[in-house]
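Q: Show me how the following folds:
(2 chains)
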Amino acid sequence: MIIHPQLRALRDDDTPQRAAQDATVDQVMAWRNQSHVAKLLDAVRAFAAGGDLADHQVLARLFDAGSDDAEALARELIGVTASALAENWLGHAPFRHFTDDTISTLQLARSGSVTLSLVAIDGAGLAKRPPATTADSSPSQVWERVLAGHARAVTIDRCSTRPDRADLSASTLSLTPGSIVVRDARSHHMRLESVDGCLVLLRLQRRLPEAGPTREYALADGAMVHQAAGTPQDSRTELMMALLGRMGRPDAAPAMAVIACDKGGKVVRWQALRECLSLDTAAGFSALCEVARREEDELAPAAGALRSQLIEAYPQLKELA
Amino acid sequence: MNLPKIDIASLPDLDTLTGLFGSLVDVARVQSSDDTIVFLITFLYEIDPTRGIL
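A: From the prediction side, this is the model:
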């Protein structure tokens, strides 16, 4: 393997890389601090706090057919980032980014449950992917604007209100520069079928934290084949609780009891009950009984059944109930 | 009171199992329009030694 001498030297001293990264960040930050960009970032923060997109004009204009603000933003962003990287070739683009050579994403702004991203999809790579077999229902709202390229997309509408099965209906959509797609991803899924060359999109997505899990339905018959947490926070909490559980940390039990009785998602609350019961029987059983007693709580039936099962197995728990 | 030690494996899961955020059955689903991938990659980015601004 041939390793460039300057890269090899970084093994002993990574100062040049850190200096290059600092310089890259400084140049991109100078652009972000310009008033028109700062106003946009403020609008992303305000939109994360709530309200309709129309209430946040600077952001809404990016997805308004009568405005070319989106194209101007992308041009500036690419210009600033490319020139920073050209001057500092050891630097990384200082945005969260992802690429698998087919789909590349650069996250321009993020606040709470809102992200604004630039996305590029390579047509040749996309053509090599296996055909899709499922469509998902994700608790989020999505605004997309095509900045460059042409593509054929399929939108799939979910008509059923039953969570375990969906009536899916598909329609095709041509995407060309200037196309704007706005959808509620709980009931409207969009998938790219083919792209001529490269498609570049600006995407605004707002997750709806209280709107339940993401569900994946088979295109063939509409059966639900998978369900996943709708927000990363729920999964982080679950992983943290599992780790504390395996570490045998009873001091974490009170915090778990609070999560179990709080307003969060059903799944993360149930895992909190299980972990809490195994770490501290009294604290866990007390939380379980509280949840079981609440008439309007969607976890109450499952909690009530588990309470009965535990009392049968361990009669001494009856005194705590 | 002498309380039992409860084994977590003996406690049932909910009827429908729920995977972690971003888990999926259909690998082709990554071509759907969603920011899940970049959300997930941030788990790795946070431990990247280079400095980011977001």
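
Q: so which strand or helix has residue A:152?
A: strand A:140-158 (DSSP states H and E).

Q: Tell me how far that strand lies from the chain's centre.
A: Distance of strand A:140-158 from its chain centroid, counting by C-alpha atoms, centre = their mean, to the nearest Å, is 17 Å.

Q: what helices or strands is it leaning on?
A: helix A:69-87, strand A:114-122, strand A:134-137, strand A:168-175, strand A:180-184, strand A:188-207 (3 or more C-beta pairs under 8 Å, 6 or more residues apart in numbering or on different chains; DSSP states H and E). For glycine as for every other residue, the C-beta is placed from the backbone atoms N, C-alpha and C.

Q: which stretch in the ones you listed is the model least sure about?
A: Lowest mean pLDDT of those: strand A:134-137, a mean of 89.

Q: which regions of chain A sit below the pLDDT cut-off?
A: Confidence mapping of chain A against pLDDT under 70 gives the ranges A:161.

Q: what's the most buried one of the helices and strands packed on strand A:140-158?
A: strand A:134-137 (a mean of 26; mean count of other C-beta atoms under 10 Å in any protein chain shown).

Q: What is that strand packed up against?
A: Short answer (3+ C-beta pairs under 8 Å, 6+ apart): strand A:134-137 packs on strand A:140-158, strand A:188-207, strand A:214-218.

Q: before we move on, back to that, would you list the strands that the strand holding residue A:152 pairs with, along with their directions?
A: strand A:168-175 (antiparallel), strand A:180-184 (antiparallel), strand A:188-207 (antiparallel) (DSSP bridges).

Q: Only the buried residues of it, if you could.
A: A:140-147, A:149-151, A:153-156, A:158 (16 or more other C-beta atoms under 10 Å in any protein chain shown).

Q: now stretch A:290-310
A: Applying a neighbour-count criterion of 16+ other C-beta under 10 Å, the buried positions in stretch A:290-310 are A:291, A:292, A:297, A:299, A:302, A:303, A:304, A:306, A:307, A:310.

Q: contacts for it?
A: A:260-261, A:266, A:269-270, A:273, A:277, A:285, A:288-289, A:317, A:321, B:6, B:11-12, B:14 (C-beta atoms under 8 Å, 6 or more residues apart in numbering or on different chains).

Q: And it, how far out from the chain middle?
A: 31 Å.

Q: and that stretch, how far apart are its ends?
A: Taking C-alpha to C-alpha, to the nearest Å, the first and last residues of stretch A:290-310 lie 15 Å apart.

Q: could the buried residues of stretch A:290-310 be laid out in CSV, adding secondary structure?
A: Formatted as CSV, the buried residues of stretch A:290-310 follow (DSSP: H, G, I helix; E, B strand; the rest coil):
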residue, secondary structure
A:291, helix
A:292, helix
A:297, coil
A:299, coil
A:302, helix
A:303, helix
A:304, helix
A:306, helix
A:307, helix
A:310, helix
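
Q: And the furthest pair within those residues?
A: A:297 and A:310 (18.0 Å; C-beta to C-beta).

Q: which one is residue A:187 nearest to, not counting chain neighbours?
A: residue A:158 (5.0 Å; C-beta to C-beta, 6 or more residues apart in numbering or on different chains).

Q: wait, doesn't the one you found sit right on residue A:135?
A: Yes: contact criterion C-beta atoms under 8 Å: residue A:158 and residue A:135 qualify, at 7.4 Å.

Q: Which residues are in contact with each of those two?
A: In contact with both residue A:158 and residue A:135: A:166, A:168, A:189, A:217, using C-beta under 8 Å, 6+ apart.

Q: check contacts around the first one.
A: When you say that, I think you mean residue A:166. Contacts of residue A:166 (C-beta under 8 Å, 6+ apart): A:135, A:137, A:158, A:159, A:160, A:217, A:222, A:224.

Q: what's the most distant pair in the shared contacts of residue A:158 and residue A:135?
A: Greatest spatial distance among the shared contacts of residue A:158 and residue A:135 (C-beta to C-beta): A:166 and A:189, at 9.8 Å.

Q: Quickly list what's touching both of the two.
A: What both residue A:166 and residue A:189 touch, as defined by C-beta under 8 Å, 6+ apart, is the set A:135, A:137, A:158.

Q: If you count neighbours, what's buried in stretch A:255-269?
A: Across stretch A:255-269, burial judged by 16+ other C-beta under 10 Å covers A:256, A:257, A:259, A:260, A:261, A:264, A:265, A:266, A:267, A:268, A:269.

Q: ok, residues contacting that stretch?
A: So stretch A:255-269 is contacted by A:212-213, A:229-231, A:234, A:237-238, A:241, A:244, A:270, A:272-273, A:275-276, A:279, A:283-284, A:286-288, A:290-291, A:298-299, B:14, B:18 (C-beta under 8 Å, 6+ apart).

Q: End to end on stretch B:4-22, go ahead and measure it.
A: Taking C-alpha to C-alpha, stretch B:4-22 runs 37 Å from one end to the other.

Q: That one and chain A, any residue contact?
A: Yes: remark: stretch B:4-22 sits within contact range of chain A at B:4-8, B:11-14, B:16-22, by C-beta under 8 Å from any C-beta of the partner chain.

Q: Just the buried ones from those residues?
A: So, by 16+ other C-beta under 10 Å, the buried ones in the residues of stretch B:4-22 next to chain A are B:6, B:11, B:18, B:19, B:21, B:22.

Q: any chance of the residues you listed in a markdown table, with pLDDT, secondary structure and distance to residue A:18 too?
A: Listed next are these as a markdown table, based on pLDDT from 0 to 100; DSSP: H, G, I helix; E, B strand; the rest coil; distance: C-beta to C-beta, whole Å:
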| residue | pLDDT | secondary structure | distance to residue A:18 |
| --- | --- | --- | --- |
| B:6 | 93 | coil | 50 |
| B:11 | 94 | coil | 48 |
| B:18 | 89 | coil | 41 |
| B:19 | 87 | strand | 38 |
| B:21 | 84 | coil | 32 |
| B:22 | 80 | coil | 31 |
